[in-house]
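Colleague: only geometry, no sequence info:
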């Protein structure tokens, strides 16, 4: 079966926002790429990246993927969604002084564009595209930093509440009932995201639900009320949920 070929600037218009006519029309014609579809479940990123080696990498067009890294039952996780770039360096931790096992899971079915060496050559006359990709890499690093800051909160329920609203900035959808997070966020995934243990996350979700701060519907989370503000995580006065330790 022939791979799907798409016009990248139509799939991801943000990449062309600083390219003006008449160059924009030419850029749209030149900047095309093949697409791979990735179903839910575990994903072999190293194999998938082979066609893009030497190029920009794999550009997420749709879906959400979780990159999990760690050792000795201690893990961290990063969520990647539309607009993010996955490179060979993301797939494993080869050569690191402290090696960490890296695994991938597709949280929401994904479509990935293969930005290979051919795409790099065709897009070279339009450096604005590379600039936008670089800006996203910087934004991705900032996003990880925010999650690190959230993980510094002593209370697990505060960490969880802040992390959910942070995810809502990117993935949330406003509904009449509240802000819907239409993601398959397992308790284990949330625990890795906020540097906690799964039982603590389960207790915190139950607590936040009792407080009327969120609702769980059809596997998704709906955030209710106003988002946290500076100095107020929205859990004032609630009993603290302590992290459950696990063997080192």
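Modeller: Received, thanks. Bear in mind that the values here come from a model prediction, so they are computed numbers and not experimental data.

Colleague: Give me the next element, helix or strand, following the lengthiest helix in the chain.
Modeller: The residue-count maximum for a helix in the chain (DSSP state H) belongs to helix 127-150. Per DSSP states H and E, helix 127-150 leads on to helix 156-171 as the next helix or strand towards the C-terminus.

Colleague: can I see the domain layout of the chain?
Modeller: The record's domain split for the chain, according to automatic domain parsing, is 4-149, 154-223.

Colleague: what bits of this protein have low per-residue confidence?
Modeller: Counting by pLDDT under 70, the chain contains low-confidence ranges at 1, 92-96, 231-248.

Colleague: can you map out the strands along it?
Modeller: For the chain, the strands defined by DSSP state E occupy 4-7, 32-38, 41-43, 57-71, 74-80, 85-86, 101-115, 173-174, 179-181, 214-217, 220-223.

Colleague: Buried deepest among those, which one?
Modeller: The highest average neighbour count among the strands of the chain, using mean count of other CB atoms under 10 Å, belongs to strand 85-86 at a mean of 22. All C-beta spots, glycine's among them, are computed from the backbone N, C-alpha and C.

Colleague: Which other helices and strands does it contact?
Modeller: For strand 85-86, the packing partners by 3 or more CB pairs under 8 Å, 6 or more residues apart in numbering; DSSP states H and E come out as strand 57-71, helix 127-150.

Colleague: Name the strands paired with the first one and say parallel or antiparallel.
Modeller: When pairing is defined by DSSP bridges, strand 57-71 lines up against strand 74-80 (antiparallel), strand 85-86 (antiparallel), strand 101-115 (antiparallel).

Colleague: now that strand and helix 156-171, what's the angle there?
Modeller: For strand 57-71 against helix 156-171, the angle by axes from the mean of the first three to the mean of the last three CA atoms, to 10 degrees is 170 degrees.

Colleague: re earlier: want to throw the strands paired with strand 57-71 into a markdown table with distance to residue 197?
Modeller: Formatted as a markdown table, the strands paired with strand 57-71 follow (distance: least, CB to CB, whole Å):
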| stretch | distance to residue 197 |
| --- | --- |
| strand 74-80 | 10 |
| strand 85-86 | 28 |
| strand 101-115 | 18 |
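
Colleague: of those strands, which approaches residue 2 most closely?
Modeller: Nearest of those to residue 2, taken as CB to CB: strand 101-115 at 13.5 Å.

Colleague: Give me the distance from the closest one to the chain's centre.
Modeller: 10 Å (CA atoms, centre = their mean, to the nearest Å).

Colleague: Can you add distance to residue 48 and give the helices and strands packed on strand 85-86 back as a markdown table?
Modeller: As requested, these are exported to a markdown table (distance: least, CB to CB, whole Å):
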| stretch | distance to residue 48 |
| --- | --- |
| strand 57-71 | 7 |
| helix 127-150 | 18 |
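
Colleague: Dump the strands of the chain to JSON lines, plus distance to residue 207.
Modeller: Putting these into JSON lines (distance: least, CB to CB, whole Å) gives the following:
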{"stretch": "strand 4-7", "distance to residue 207": "44"}
{"stretch": "strand 32-38", "distance to residue 207": "35"}
{"stretch": "strand 41-43", "distance to residue 207": "31"}
{"stretch": "strand 57-71", "distance to residue 207": "24"}
{"stretch": "strand 74-80", "distance to residue 207": "22"}
{"stretch": "strand 85-86", "distance to residue 207": "35"}
{"stretch": "strand 101-115", "distance to residue 207": "24"}
{"stretch": "strand 173-174", "distance to residue 207": "24"}
{"stretch": "strand 179-181", "distance to residue 207": "18"}
{"stretch": "strand 214-217", "distance to residue 207": "10"}
{"stretch": "strand 220-223", "distance to residue 207": "14"}
